[in-house]
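Q: Just to be clear, the model below is a prediction. Sequence and coordinates:
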Amino acid sequence: MASVTTAAKWLRRNLFPNWWNGALTIAALYILWISVPALVDWAFIHAVWSGEGREACIGPDKGACWPFVTANIDQFIYGRYPVEERWRVDVAFLLGVVGLVPMLIPSLPQKRWNAVYLLVAYPLIAFVLLVGDRPGLVRVDTDLWGGLLVTLVVAVTGIVASFPLGILLALGRRSEMPVIRALSVTFIEFWRGVPLVTVLFMATVMLPLFLPEGVSFDNLLRCLIGVAIFSSAYMAEVVRGGLQAIPRGQYEAARAVGMSYWQTMGLIVLPQALRHVIPGIVNTFIGLFKDTTLVLIVGIFDLLGQVRAQLSDPNWAVPQGAATGYVFAAAVFWIFCFGMSRYSVFMERRLNTGSRK
Amino acid sequence: MSEQGARMENRRPAKVQWSWTNPKARAIVYQVLAIAGVAFALWFFVSTARDNLARQHIASGFGFLDHTAGFGIVQTLIPYSEESSYGRVFLVGLANTLLVAVLGTIFATTLGFVIGVARLSRNWLVARLAAVYVETLRNIPLLLQLFFWYFAILRPLPVPKESLVLLPGVFLNNRGVVLPRPEFTSSTLAFVVALVVAIVGAAGLRRWARVRQLRTGEIFPAGRAGAALVVGLPLLAWIGFGAPLAFEHPTLGAFDFIGGWRLLPEFVALVFGLSLYTAAFIAEIVRAGIQSVSKGQTEAAYALGLPVGATLRLVVIPQALRVIIPPLTSQILNLTKNSSLAVAIAYPDLVSIFAGTVLNQTGQAIEVISITMAVYLVISLATSLAMNLYNARVAIVER
């Protein structure tokens, strides 16, 4: 009985405090009523859950065609990476997780060595594993790579490269040397002013013209360079915000005890500045992760590109194929991006309570 | 004085102590090295590019802009035919890009403000719905959303004969959206003239009311009077001309609609996707802006006896806008730059037809990419400049 009255009170206070809010509640309920049942119906009730090929999904009143996803899941993860070599991708992925998880848990010790592993050792190990061309490892060319593998390779390379580059650019922008400052400002503002699509076009069609005869880059590598430079400019602006939040007294005190420029920055200023802008840094990472999809425009098959490629397969030409494929890809991207943003909220709270104490 | 004198002396290059322990000498060395490095890189790239172009027999220079393009474009806002030049293609693409950017900005800002306010609503359900919207849309790549709207929603729509009727006279089918087109008659002209007069009049009225209030303290409801003027005068002009409702209604022909206004599915998907995506970011900015105004401000305004509307209008919104405007600008710029994703769904924007088709036909990658990038750079820098001016006007004036 008591719970009924509390529920009624809650409803009254939160949904029907006055006629205006009541009308809003009813409008919101209407939106839910027309959208949620339709979605549930499409994704579950009328969805096709099993079947060998396209025949299972053809017919009126059919919802999502999940066999399209289950039948192509290997392509979505590995692209055209040779089947017998896929264990290398798995191992590289696991090694990354092993390095990343302790890094993300603040209470675990040895952050410095963990960072060295993640930023220096791991990229090298992963490179050797994925590319191969070593005794015992067959070479796998990057045009065979695809799916989530490419998405993660582009995102991780972008993150690992843009972070230090962005810090250097931010320091350059606040340098006392006019030439360094002008160069940094020009570099940052140029890359922030143009869309990533044009940067990728530049990397694929314009860059070869600027390289000497005989020197040629891998297509994926060219895109990686473009993505890294592009996101380093955004990272630089985020870091600059943190640098500006550090009071002058910190710089002056470091100088007064005789620290050099790099000691001041590395030991005093940057640790405080980066802590200030963790949300901004994570937002840049999320943006970078979403931007990896753009590589499909220049002919590299990331997860989204691979979904598109499988959709054009006549064996899977079904009415709900496109919707199913894109909803699946959206769910994968959403899990990664939402996870990153939750982690940033968690870190922000933790650091806030630390300083409030 | 003596310290200043010493600094002046140090600034003269001749007096610099050339020692590695002198920071000033080091700074000069670093900067000279930086200039030399950049100059060398430029020289290297320019000379290799020149060799490469000569070897591959690629023309250089901007002469190609006068050559005949020879391909059709599905959406042209300015006169264009296959005989037009590549320079004309550039203008067509630019106009299409700007159209998407302007419409997207209007929709995204409106929707973003609505959702941002909804997230702060006391109404639990409304606030939750807004939160779900924001968290869903901003965590999914824009390109994926565009693909979804275009390939999964708009393209599988029925053929024109079985069009969905959105509103009377508005049809949705696999060839896009068909709308009735207003016809331009003398009454349209009168309507437009009346609208312009009313807007100018309302602005003048506001000015006069403010001056009078400063002088005498009397309040004139300029906002309401202005709104009445802007709505009423064009309405009067329209009724004065006998209230003609001149629309060219689309009619279903053998295969497709004839007449009316047609929006390409690519265009609809792009504007729709861009607006929904950017609105999620704008909503967060609006929420943060409103939350940044401390509660004491509202309470103080109420204590002074200001009504709710006036408190919002005179106290909360001006202070919130100060926080909202800079990030809002960068979101609008992002939307403009993101409109280049048009290339993935073949909407004929600048990147799609100029950096895509024209580049493929002419092979002049350096010129075409440079022009394209320059356009976006100019738009970015011009917008930042305009917003900085506005920002300087609304920024807190500190004593």
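A: Here it is on my side, so go on.

Q: My understanding was that B:Leu270 contacts B:Tyr347; is that so?
A: Yes. Checked against Cβ atoms under 8 Å, the pair B:Leu270 and B:Tyr347 is within contact range at 5.0 Å. Backbone N, C-alpha and C define where each C-beta goes, glycine included.

Q: which residues are common contacts for those two?
A: Taking Cβ atoms under 8 Å, 6 or more residues apart in numbering or on different chains as the contact rule, the neighbours common to B:Leu270 and B:Tyr347 are B:Val100.

Q: dump the residue contacts of B:Ala194.
A: B:Leu233, B:Pro234, B:Leu236, B:Ala237, B:Trp238.

Q: In ChimeraX, select just the buried ones from those.
A: To isolate the buried members of the contacts of B:Ala194 in ChimeraX, using 16 or more other Cβ atoms under 10 Å in any protein chain shown:
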select /B:233,234,237,238
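
Q: Which helix in chain A has the most residues?
A: In chain A, taking DSSP state H as the definition, the longest helix is helix A:321-356.

Q: and that one, what does it pack onto?
A: The contact analysis (3 or more Cβ pairs under 8 Å, 6 or more residues apart in numbering or on different chains; DSSP states H and E) places helix A:321-356 against helix A:66-78, helix A:278-291, helix A:303-311, helix B:142-147.

Q: can we see that at 10 Å?
A: helix A:66-78, helix A:86-104, helix A:147-173, helix A:270-276, helix A:278-291, helix A:303-311, helix B:124-137, helix B:142-147 (3 or more Cβ pairs under 10 Å, 6 or more residues apart in numbering or on different chains; DSSP states H and E).

Q: roughly how far is that helix from the heart of the chain?
A: Using Cα atoms, centre = their mean, to the nearest Å, we find the averaged C-alpha position of helix A:321-356 to lie 9 Å away from the chain's own average C-alpha position.

Q: got the buried residues for it?
A: Under the neighbour-count rule (16+ other Cβ under 10 Å), helix A:321-356 has A:321-330, A:332-334, A:336-338, A:340-341, A:344, A:347 buried.

Q: Okay, angle between it and helix A:66-78 too, please.
A: For the pair helix A:321-356 and helix A:66-78, the angle between their directions (axes from the mean of the first three to the mean of the last three Cα atoms, to 10 degrees) equals 60 degrees.

Q: angle of helix A:321-356 against helix A:86-104?
A: Comparing the axes of helix A:321-356 and helix A:86-104 via the same axes, to 10 degrees yields an angle of 30 degrees.

Q: Helix A:278-291 and helix A:321-356, what's the angle between them?
A: For helix A:321-356 against helix A:278-291, the angle by the same axes, to 10 degrees is 170 degrees.

Q: avg pLDDT for helix A:321-356?
A: On average, the pLDDT along helix A:321-356 is 85.

Q: got it, and stretch B:221-232?
A: 81.

Q: so how far is it off the chain centroid?
A: The mean C-alpha position of stretch B:221-232 is separated from the chain mean by 28 Å, Cα atoms, centre = their mean.

Q: buried sites along that stretch?
A: If you call a residue buried by 16+ other Cβ under 10 Å, then stretch B:221-232 has these buried ones: B:Ala222, B:Ala225, B:Gly226, B:Leu229, B:Val230.

Q: hang on, the second one is in a helix, isn't it?
A: Translated: B:Ala225. Yes. Assessed by DSSP: H, G, I helix; E, B strand; the rest coil, B:Ala225 belongs to a helix.

Q: Return the residues in contact with it.
A: Listed by Cβ atoms under 10 Å, 6 or more residues apart in numbering or on different chains, the contact set of B:Ala225 reads B:Gly201, B:Ala202, B:Leu205, B:Arg206, B:Ala209, B:Gly232.

Q: now, among the residues you listed, which is nearest to chain A?
A: Comparing the contacts of B:Ala225 against chain A with Cβ to the nearest Cβ places B:Gly232 closest, at 26.8 Å.
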